[in-house]
Structure formats: C-alpha cells, structure tokens
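Visitor: sequence unknown, structure follows:
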C-alpha cells in the first residue's frame, strides 16, 4: 500500500537529518536508552515485588493472584487515555510526570505501612504504580517507535537494544525486590522512590529536537474513546497488525500466568524462600538478555518470521515443562527458556509493529494495540485467584496448550501478510537511497 505523500516527505526529511547530524542523533538515542533503563528498572521492581509482598504479608495464594489482577486491570484503563496525551505533548513529559508520582506514592505507602496499614495499602500501591507504569511504557514505546522508523531496515537493531534494556530490568528487578524484601518492605519502597527520582531526572534532560513524525496531517483527537476507536480502525484496515496483536496477547497470557504463579509454585510447592523466586526470574532474565543480544543476527540471516516462529515454539514448550517440573532446578530452567523465547519474540513483534503502525497519531494507535495485547495479564491474575492453589500446574498446562494453538494460528496469518512487515532487499536499497 503506498504511503501518504506527507508521511513520505517527513520520513525523507528525517532520514536526511539523521545522516547530516549523526552525533546529535546518537546523543538523543542514547538519552532515550538511559531514560528507558531507569524507568524500566523502577517498574520491574514494583511489578514483581507487589504480589510477593502481598504473599509475604498474607501467606495466601488467593491474595497474591488478586494483587496481580488489581495491579494489571487498571493499567488497561490507563492505556486508553494515555495515547492522546502523548500525541499532544511529548513522551518525555509523560515519563517525567509518572516518575514523580510513583516516587510520591512509594513514600506515602512507606509511611502508611510504618503506622500499621495492612495489605490493602500494598494493593492500592500496586494499582496506582501499575497505571503509572503503563503510561511511561507507552511513552517509551513512542520514542522507540520513532527511532525504529528512522532506522529503516536496521530497525530490528534498535528494537534489540530496547528489548535488551527491558530484559536487563527484568534481570535486576526480581533480584533487587527479593533481596530487599528480606530486609522488610520499607527498604523496598525507598528503593522504588529513588529509582523513580532518577528516571524523572533523566526525563527532564531529554529534549525534543527531532522531527515530529506522527503529526504531519490531521491533529489527533483529544478524547480517549476517539483515540481507541482510531486505533481499532487501523487494526481493521491492517490484517497483519491484527494477527500481530493476537500473537502478542497469546505470548503475554503464557508469561503472565507463569509470572503470577511463580511465587506460589516456588514457595509452597517447591518449598523455597522468597529470595529463590527472585533468583529464578533473574536467571531467566539473564538468558533472555543473551537471546535478545543475538536475535538481531538471526533476523538478518533468517528473517523476522522464522525467528519469531522458533521463539514462540520454544516459549510454548517451556511453559508446558514448567507446569510439570518436580524441582527448582528444572522449573528455573523452564522459566529461563520461556523468558529467552519471549525476549527474541518481542524483538520480532515490536519491529513488525513499528513498521505496521502509521506514523501519524502513533501513540494513539499504539495504545489500542497495547491495550489488546496486555488484556490477558489481568486474566492470568484472575485465573490464579479463583483456581484451587493445589491444582495450579493443571491450569498452567492447559493454558500452555491453548497458547500453542493460538500463536500457531496467528503466525500463519502473519505469514500470509508478510509483505506488509518484512523488509526485503529492495526495501533496504530504497531506504538507503532515500536517506542519501
């Protein structure tokens, strides 16, 4: 499908400026990387620590599942209204605001726990921080999407770095959260406040001197409902994007279920401490980081579709193994393979998404796709909350089988429409000629 002339002209101007000012572009991209790292680490500590903290305070798997549900459900509501704000303003302004609010909420929760507040305060902390995390994530994805478009046929390298940053945060987040919980909730909450302050400081130093690619024609509608409708309209008109969102949703259901059930499995079924939960996820994130580091080489050699299909197959198989693992070593290995497959698949799917979403009103369309892709995460928390604790392996096993079938169907659809998101040699030559 031919690109609108206004968008094509904006991309040519962007490519020309990228070649003319390499030092300035590298500096801007580096600041984006640092900003994403600081924000992702703060979000990872909260995401993994809240269910574990609730489990520590209540010793109830049902409460842990409820914490995950309440942490993720409001995130979806926040996404719908975030896209128009980011499109009207700058992504770094959104990250600055959310980081300051997260620091304030962490300090308020610290004060509340010190005067005897119960697990409901921790649940409220998880809800608020979850909403803030999705806002900052969407803003970071908007910056990453623009960087990918400007990179052209090297977009997968940018996405590999961004995904590597996310996986590094997942490596350190559970480890930091598990170790800090051994010293008590106060140190954990203080660390979240400090990390949020660092993210806010970095966000304040980022300047938007790059071309504003996604506002080249019509102004973005202000209402969240209109924004969501616009994004869903893009999905209807772009079959490849719809199949991609389905693949992301399937992958997130598998990883979310393992994520919320891991503290219960490790502490109750395998009889290890909460620190072992952080160790399991840190080992998994380390392997995932290595997978992301080599994913771009595999994409260059074999293409997005093949790398994505192999990654998802490994992930589904690892989910099956995690459901029947009899000891911590095998369980940790299965989770590590699952995370590695998810990391490589994320590079593939994010690269394809950056190519499929039109630059105009990018954040609003991205909000709709993220909303649908993340919907299975609160579903995973709900399933664990209502499912009998003694039969969680059966739930994980059944979900793994369903995810395997769903992702296979989605990748068949992506294969039928691969011309819309795979970069051919001709496309690469055209991009280089345009940039010159």
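Guide: That came through, no problem. Predicted, not measured: the structure shown is a model, and the values here were computed from it.
Visitor: isn't residue 345 right next to residue 316, touching?
Guide: No: in this structure, residue 345 sits apart from residue 316 without contact. The criterion is CB atoms under 8 Å, and the distance is 10.4 Å. The way it works is simple: take the backbone N, C-alpha and C, and place the C-beta from them, glycine included.
Visitor: neighbour count winner among the two?
Guide: residue 345 (27 against 23; other CB atoms under 10 Å).
Visitor: the strand or helix carrying that one: how far from the chain's middle?
Guide: For residue 345, the enclosing helix or strand under DSSP states H and E is helix 328-356. Once both centres are worked out by CA atoms, centre = their mean, to the nearest Å, helix 328-356 turns out to sit 11 Å from its chain's centre.
Visitor: now for that helix, which elements pack on it?
Guide: Counting contacts by 3 or more CB pairs under 8 Å, 6 or more residues apart in numbering; DSSP states H and E, helix 328-356 is packed against helix 119-151, helix 155-183, helix 239-264, helix 274-302, helix 304-324.
Visitor: so what secondary structure elements neighbour the longest one?
Guide: Which is helix 119-151. Using 3+ CB pairs under 8 Å, 6+ apart, helix 119-151 sits against helix 5-20, helix 22-58, helix 61-88, helix 91-114, helix 155-183, helix 185-205, helix 328-356, helix 362-374.
Visitor: looking at the ones you listed, which has the lowest confidence?
Guide: If the helices and strands packed on helix 119-151 are sorted by mean pLDDT, helix 5-20 sits at the bottom with a mean of 47.
Visitor: contacts only, for the closest residue to residue 191 other than its chain neighbours.
Guide: Beyond its immediate neighbours in the sequence, the residue positioned closest to residue 191 (CB to CB, 6 or more residues apart in numbering) is residue 180, lying 5.9 Å away. For residue 180, the set of contacting residues under the criterion of CB atoms under 8 Å, 6 or more residues apart in numbering consists of 49, 187-188, 191.
Visitor: who wins on neighbours among these?
Guide: Most surrounded of the contacts of residue 180: other CB under 10 Å gives residue 49, at 29 neighbours.
Visitor: so what's that one up against?
Guide: The neighbours of residue 49, taking CB under 8 Å, 6+ apart as the test, are 173, 177, 180-181, 188, 192.
Visitor: kindly recompute the last result at 6 Å.
Guide: For residue 49, the residues meeting the contact criterion (CB atoms under 6 Å, 6 or more residues apart in numbering) are 177, 188.
Visitor: state the distance from it to residue 238.
Guide: 37 Å (CB to CB, to the nearest Å).
Visitor: got a markdown table for the helices and strands packed on helix 119-151, with distance to residue 120 too?
Guide: Listed next are these as a markdown table, based on distance: least, CB to CB, whole Å:
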| stretch | distance to residue 120 |
| --- | --- |
| helix 5-20 | 48 |
| helix 22-58 | 10 |
| helix 61-88 | 10 |
| helix 91-114 | 10 |
| helix 155-183 | 18 |
| helix 185-205 | 14 |
| helix 328-356 | 30 |
| helix 362-374 | 24 |
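Visitor: nearest to residue 280, of those?
Guide: Relative to residue 280, the nearest member of the helices and strands packed on helix 119-151 by CB to CB is helix 328-356, separated by 4.7 Å.
Visitor: now do the buried residues in that closest one.
Guide: Neighbour-count burial for helix 328-356 flags 328, 331-356 (criterion: 16 or more other CB atoms under 10 Å).
Visitor: that one versus helix 362-374: what angle between them?
Guide: On the basis of axes from the mean of the first three to the mean of the last three CA atoms, to 10 degrees, helix 328-356 is oriented at 150 degrees to helix 362-374.
Visitor: what's the angle from helix 328-356 to helix 155-183?
Guide: 140 degrees.
Visitor: for residue 357, grab the count of nearby residues.
Guide: A count of neighbours around residue 357, defined by other CB under 10 Å, yields 25.
Visitor: re the thing from before, distance to residue 96 added to the helices and strands packed on helix 328-356, as JSON lines?
Guide: Formatted as JSON lines, those follow (distance: least, CB to CB, whole Å):
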{"stretch": "helix 119-151", "distance to residue 96": "9"}
{"stretch": "helix 155-183", "distance to residue 96": "18"}
{"stretch": "helix 239-264", "distance to residue 96": "27"}
{"stretch": "helix 274-302", "distance to residue 96": "27"}
{"stretch": "helix 304-324", "distance to residue 96": "34"}
